[in-house]
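**Q** sequence first, then the predicted structure, then my questions.
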Amino acid sequence: MKMKLFSNLLIWASCLLCVASLEERLLVSDTALQSEIQELRTKVSALESKVASLESKSTSSPVVFMSQLSQTLVNPANGHIVAFDTVITNVGHAYSSVTGVFRAPVDGNYMFSMIGTVKPEPGDHSLHLLLKRNGNTIGYIFLDSNHDYYLKRTEVAAVSLTSGDEVFVQVDAVHGTHSLVGCCFHTHFSGFLIR
């Protein structure tokens with residue numbers, strides 16, 4: 001009977017050691033699992049932020065404008081920024097008809113066009129228009145020495161802009177008598193966000 005009791009005691013002690021060993025392994029395993037769960041939570045949070053950022057970009061408001069000269073600009077000075085004062089459309093309100101400046105509301109790729117028309121003038125004359133981004137030329141048109149007909153020219157430019165960059169049309173290389181024709185879509189400036 002003592003032997004049986006001793007044998008049962010050994011079995012019980014052995015089971016107790018097994019349980020303690022299992023508990024220890026579970027605690028170690030639990031710590032590893034907790035660490036892995038935390039790492040996965042961090043990754044999920046980072047992915048949610050990226051998705052939110054992409055969603056906000058894809059659903060951001062469109063940006064598009066078009067504005068024309070309301071009246072003919074007679075002998076504009078070299079360096080004059082042309083204010084296209086009759087706004088046809090200005091979705092996103094990035095163009096100012098007072099200053100003639102488009103200010104990019106968001107980073108992205110944009111397309112701009114400028115159309116200039118001059119009426120026939122006698123004698124030697126020239127008028128150039130520069131399309132500028134932050135003061136640097138990104139396009140130009142020249143409207144020179146037309147004596148018999150209205151001359152209409154167009155320039156288109158695609159550029160990458162950072163929020164706050166400015167794009168405008170500036171008069172350059174003026175010589176003689178010249179008039180930039182206003183009204184009726186003869187001279188206008190437009191642009192839009194491509195993305």
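**A** It's in. Residues are numbered from 1 along each chain as shown.
**Q** run through the helices of this protein in chain order.
**A** 2-58 (DSSP state H).
**Q** okay, now the unreliable bits of it?
**A** 1-10, 12-24, 26-30, 40, 44, 52-60 (pLDDT under 70).
**Q** now with 90, please.
**A** Where the chain drops to pLDDT under 90, the residues are 1-61, 73-77, 118-127, 143-151, 173-180, 195.
**Q** how close does the spatially closest residue to Val174 that is not a sequence neighbour get to His188?
**A** Spatial nearest neighbour of Val174, excluding adjacent residues (CB to CB, 6 or more residues apart in numbering): Asn78 at 5.0 Å. (Glycine included, C-beta is placed from N, CA and C.) Here the criterion is CB to CB, to the nearest Å. By it, Asn78 lies 21 Å from His188.
**Q** compare these two and say which is more crowded by neighbours.
**A** Between Asn78 and His188, counting by other CB atoms under 10 Å, His188 is the more crowded of the two (21 against 12).
**Q** ok, the residue nearest to Val174 - contacts?
**A** Contacts of Asn78 were listed using CB atoms under 8 Å, 6 or more residues apart in numbering, and they are Val171, Asp172, Ala173, Val174.
**Q** just the buried ones out of these, please.
**A** Val171, Asp172, Val174 (16 or more other CB atoms under 10 Å).
**Q** in CSV: those, plus distance to Ser113.
**A** Listed next are these as CSV, based on distance: CB to CB, whole Å:
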residue, distance to Ser113
Val171, 17
Asp172, 18
Val174, 22
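**Q** Ile138: which of those is nearest?
**A** Of all those, Asp172 has the smallest distance to Ile138: 13.1 Å, by CB to CB.
**Q** sorry, back to before: export the contacts of Asn78 as a markdown table, with columns for distance to Ser97.
**A** Listed next are the contacts of Asn78 as a markdown table, based on distance: CB to CB, whole Å:
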| residue | distance to Ser97 |
| --- | --- |
| Val171 | 17 |
| Asp172 | 21 |
| Ala173 | 25 |
| Val174 | 23 |
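**Q** farthest-separated two in those residues?
**A** Val171 and Ala173 (8.4 Å).
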